[in-house]
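# fold the following and give me the result.
(chains A and B)
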Amino acid sequence: MDKWQIASALNEISRYTELSDPNPFRSRAFEKAARALHKIDVPIETLIASGELTKTPDIGKASASIIEELARTGTSKYLEELRAQFPSGIFELLRVPKLGLRKIGVLHSELGVSNLADLEAAAREGRVAKLKGFGAKTEELILKGIKFARERESRFLLPAGIELAESIRERLAGIDEITDAEISGSIRRRLEVCSNVNIAIATKSVDKVVKAIERKTIVEGLEEVDSITYRGRIDDVVVFFHFAAPDDFGLLLLLTTGSKEFVEAFVAQCKVRHAVNEEELFAKCKIAFVEPERRESADDLKLKKPRALVEAAQLRGTFHVHTTFSDGRNTVAEMLTAARDRGFEYLGISDHSETAAYAGGLTDEKLKLQKAEIAREAKNVAPMRVFRGTEADILGDGSIDYGAKRLAQFDFVIASVHSRFQMPKDEMTERILTALDDPHVTFLGHLTGRLLLSRDGYTMDFDRVFERAGQREVMIEINGNPNRLDIDWRNIKRALDRGVRFSINPDAHSIREYNALITGTWVARKGGLSAKEIFNTQPLEQVTEWFESRRAKWREK
DNA sequence: GCCGTTTTCGGCCCGACTGTTTTCAGTCG
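As a prediction, this is how the structure comes out:
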C-alpha cells in the first residue's frame, strides 16, 4: 500500500471510531494521522525501516503500528474488525442532511438502523423521537432528509456520468455490427447533474447489436422501450441505447443529445433527415453548428455565427489552489510542479485565512513559513510565475478576514463565504456587497456555496451582486470543483451583461483536482463565454499588470 | 489517540446555529 491508500484506510478507521467511540478526539486523532501522512515527503518504507514513524507529528504508537501493518500486509486487523461490526451501507446515512456520524452511531446501536429504509421505518413509528438527544423536530427533519436523499439517489455528478458512459462505449467497441457509437444526452451537453446515460449507436442490424450487448452483459436487465430504443441499468443508473441506420446517425445524435427545447426548435426549422453525422446535418439545414453545451435553449439556433467558446487549452494559469499549509493534501512543491507540468505560465496559491480554523486557516506565523516556502519552491518551477494569495473569509458583517494591513501582503485575494450560510437574503446581499467594496478583493470565490446533490447555496440578490462586482472590477470565480460548479452557468449571462469578468479556478486541494479546470471550462462554455472574458486565458504580462494596477488602487486609499 | 520548557494527565481549533437534554451536544463549514 502507498501512503495515499494507507491514509484513506486511517480515515475509514476515523469514521468508524466516530460512530462507536464517545470520545471525539480519538476519531480526530486518526484523521490527523492520515493528514500527517499526506505531508511526509520521504517514502513511507524508509520511515518505517528507520523506526521514525512516531517522530512524525500527529502519528503516535497506535497509528504507527496500523500504518506498518497496512504497508506490510495491505490490511489492518483493527479496520477489518470495525468493518465487520457495522453494516456495509451505514455511511450512506450521511446523505441525510443534519445526520452526522455521532447520531448515526446512536441510531445503529439503539434501534439497529443500518440503511435508509430502516431509518424511515423507525422515524415513522416514532421510535427516533424517543431516543436521548433526539426529539419530535429531529424526527421530522430526518423524514424530510430521507426524502431529500432519495430524490438524489439516482442522480449523479457529471464526472461520474462521463466515466460510466465512456466505460460502456469502450465495451461497445468490440461489437462488429456497430459502425459508430457516441455518448449523447445530458452528459454530452455537460450538464452538471445527470440522471441517466444515453448512447447513440449507428448500425444496420439492431437485433445483432442488442444480442451482443446482452451477451457481453454490458448492462443489467436490458429491455425494449420501442423499436429503436433499449434500456438497461448499471447499479442505480438507467442506461438508454438509441439505434439508427448509419445514414441517419446525425439526426439520432442530435435528437438524443437534447435538450427537448433545442430539439423541438431544430426539427421545426429543418426537415432534412439523412445525415451521417451532426456536422452534415447542420450544414444541410444551413444552420450554424451549435456546440452540445449550448443546446439548453433554442437561442443559439438563431445565431448566424456562434461565438467561439473558451477551451481548456487556452488557460495559461489559474488561481485558488490550496496546499498542506491549510487543508490541501499536497505540498507547495507538489502543487507547483504539477502546475508547471501542465504548461502553466503562472499559478496562484491561496490557502485559507485565519478565521477558517476548521480548514487550517493560516495564522501570521504560518503565513511567514508559507511565504518562505513559496519563495524557495518558486525558483524550481521558473519561468512559471507563482503568485501568493489567500482565500479570505467574508465575515458575517462583510468585512474581509485579516483586515487591510495584513491583506496588503498578498498578490491577490479570493473572498469567500464559509460561515452563516442561512442568513436572510437581504442581509447576505449586503454582506457580499460590502465584501466587494473592499479594494483588496480580486476574486469572489464560489458564489453561492452550493454543494451539488447535497446542499443548496445561500441566497442573495444576484443582479445587485453582479452589478457591484462589475463596478468594482472584482472577478467572479467559476469554481470548477465538480461538487460546486459555482457560479451556475445559468447566471453567467446576467453577470456578463453587468460587466463582470471571470476566472476559471479549480479550488484544488490536491494535484488531482487541477482536473476541475476541465469541468470549470464546461461551465464557462455552457454560459456562452469565450476566451476574452476569462481572466486566466491572458498571458502572464497582462495578469501581472492587472494585479499591480489593483494594488496601486488600494495603496491610494 | 496524541502531546508535553506546566511531561503520564488533561486538553485537544472554533463559532454559529439549532433543537432539546433548560445548560448543552451535535452538526456544519
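# going by C-alpha atoms from here, please, whenever you check contacts or count neighbours.
Fine.
# which residue does the stretch 51-200 of chain A bring closest to DNA strand B?
residue A:133 (2.1 Å; Cα to the nearest atom of the strand).
# burial count for that residue?
10 (other Cα atoms under 10 Å).
# who are the neighbours in contact with it?
Residue A:133 sits next to no residue when contact means Cα atoms under 8 Å, 6 or more residues apart in numbering.
# is residue A:25 in a helix, a strand, or coil?
helix (DSSP: H, G, I helix; E, B strand; the rest coil).
# now it: how far from residue A:31?
Between residue A:25 and residue A:31 the distance is 10 Å, computed by Cα to Cα, to the nearest Å.
# among these two, which residue is more densely surrounded?
residue A:31 (21 against 13).
# only the C-alpha atoms, please, for the strand or helix carrying residue A:78, written as CSV.
Residue A:78 belongs to helix A:77-85 when assigned by DSSP states H and E. Only the C-alpha atoms of helix A:77-85 are listed here, as CSV (Å, rounded to 0.1, in the frame of the first residue of the first chain):
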residue,chain,number,x,y,z
LYS,A,77,-6.9,-6.3,11.7
TYR,A,78,-8.4,-3.3,13.6
LEU,A,79,-10.0,-1.9,10.4
GLU,A,80,-11.4,-5.4,9.5
GLU,A,81,-12.9,-5.7,13.0
LEU,A,82,-14.6,-2.3,12.6
ARG,A,83,-15.9,-3.2,9.2
ALA,A,84,-17.4,-6.4,10.5
GLN,A,85,-19.0,-4.6,13.3
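# who does residue A:240 form a beta bridge with?
With DSSP bridges applied, residue A:240 shows beta-bridge pairing to residue A:198, residue A:231.
# and the helix holding residue A:78, what does it pack onto?
Under the contact criterion of 3 or more Cα pairs under 8 Å, 6 or more residues apart in numbering; DSSP states H and E, helix A:77-85 touches helix A:3-20.
# may I see the buried residues of the helix it packs on?
Neighbour counts using 16 or more other Cα atoms under 10 Å place A:3, A:6-7, A:9-20 of helix A:3-20 among the buried residues.
# what's the angle between that helix and helix A:77-85?
Relative orientation of helix A:3-20 and helix A:77-85, computed by axes from the mean of the first three to the mean of the last three Cα atoms, to 10 degrees: 50 degrees.
# and chain A, split by domain according to the record?
Following automatic domain parsing, chain A resolves into domains at A:3-151, A:156-299, A:316-556.
# looking at these, which is buried most?
domain A:316-556 (a mean of 20; mean count of other Cα atoms under 10 Å).
# thought residue A:473 was touching residue A:500?
Yes: look at residue A:473 against residue A:500 with Cα atoms under 8 Å: they come within range, at 7.0 Å.
# what mean pLDDT does the helix holding residue A:78 get?
For helix A:77-85, the mean pLDDT works out to 92.
# next helix or strand past it?
helix A:101-111.
# and the angle from that following helix to helix A:3-20?
50 degrees.
# who are the packing partners of helix A:101-111?
Looks like helix A:101-111 contacts helix A:3-20 (3+ Cα pairs under 8 Å, 6+ apart).
# now what about the helix it packs on, what contacts it?
By Cα under 8 Å, 6+ apart, helix A:3-20 touches A:24, A:26-31, A:33-35, A:37-38, A:44, A:67, A:70-71, A:79, A:82-83, A:101-106.
# repeat that for stretch A:263-275.
Taking Cα under 8 Å, 6+ apart as the rule, stretch A:263-275 contacts A:247-251, A:254-255, A:281, A:284-285, A:298, A:301.
# try 10 Å this time
Contact with stretch A:263-275 is made by A:245-252, A:254-258, A:260, A:262, A:280-287, A:295-299, A:301-302, as judged by Cα atoms under 10 Å, 6 or more residues apart in numbering.
# now stretch A:325-339: average pLDDT?
Mean predicted confidence for stretch A:325-339 is 92.
# what touches both of residue A:473 and residue A:500?
residue A:467.
# for the nearest residue in space to residue A:279 that is not next to it in sequence, give me phi and psi.
Once flanking residues are discounted, residue A:279 sits nearest to residue A:289: 6.8 Å by Cα to Cα, 6 or more residues apart in numbering. Dihedral pair for residue A:289: phi -60, psi 130, per degrees, to the nearest 10.
# for residue A:289, give me its contacts.
A:278-283, A:300-301, A:303-306.
# one more: residue A:115?
A:87-93, A:104, A:108.
# check these against DNA strand B, which are close?
residue A:104 (Cα under 7 Å from any atom of the strand).
# same list, the contacts of residue A:115, but as CSV with distance to residue A:356 please.
Shown next, in CSV, are the contacts of residue A:115 (distance: Cα to Cα, whole Å):
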residue, distance to residue A:356
A:87, 35
A:88, 33
A:89, 32
A:90, 30
A:91, 26
A:92, 28
A:93, 27
A:104, 27
A:108, 32
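# and the helices in the stretch 51-200 of chain A?
A:61-73, A:77-85, A:101-111, A:116-124, A:136-151, A:158-172, A:185-188 (DSSP state H, counting those that start in this stretch).
# residue A:421 is nearest to which of the ones you listed?
Residue A:421 lies closest, by Cα to Cα, to one member of the helices of the stretch 51-200 of chain A: helix A:136-151, at 18.2 Å.
# thinking again about what came up before, go back to the buried residues of helix A:3-20 and keep what's next to DNA strand B.
Within those, nothing lies near DNA strand B by Cα under 7 Å from any atom of the strand.
# what's the pLDDT at the closest residue to residue A:500 other than its chain neighbours?
In this structure, residue A:500 finds its nearest non-sequential neighbour in residue A:470, 4.5 Å apart by Cα to Cα, 6+ apart. Looking at residue A:470, its pLDDT stands at 97.
# quick check: residue A:421 touching residue A:447?
No: with contact defined as Cα atoms under 10 Å, residue A:421 does not reach residue A:447; the gap is 11.8 Å.
# which neighbours do those two share?
Joint contacts of residue A:421 and residue A:447 (Cα under 10 Å, 6+ apart) are A:457-459.
# possible to save the residues you listed as a markdown table with distance to DNA strand B, secondary structure and pLDDT?
Below are the shared contacts of residue A:421 and residue A:447 laid out as a markdown table (distance: Cα to the nearest atom of the strand, whole Å; DSSP: H, G, I helix; E, B strand; the rest coil; pLDDT from 0 to 100):
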| residue | distance to DNA strand B | secondary structure | pLDDT |
| --- | --- | --- | --- |
| A:457 | 9 | coil | 87 |
| A:458 | 10 | coil | 88 |
| A:459 | 14 | coil | 89 |
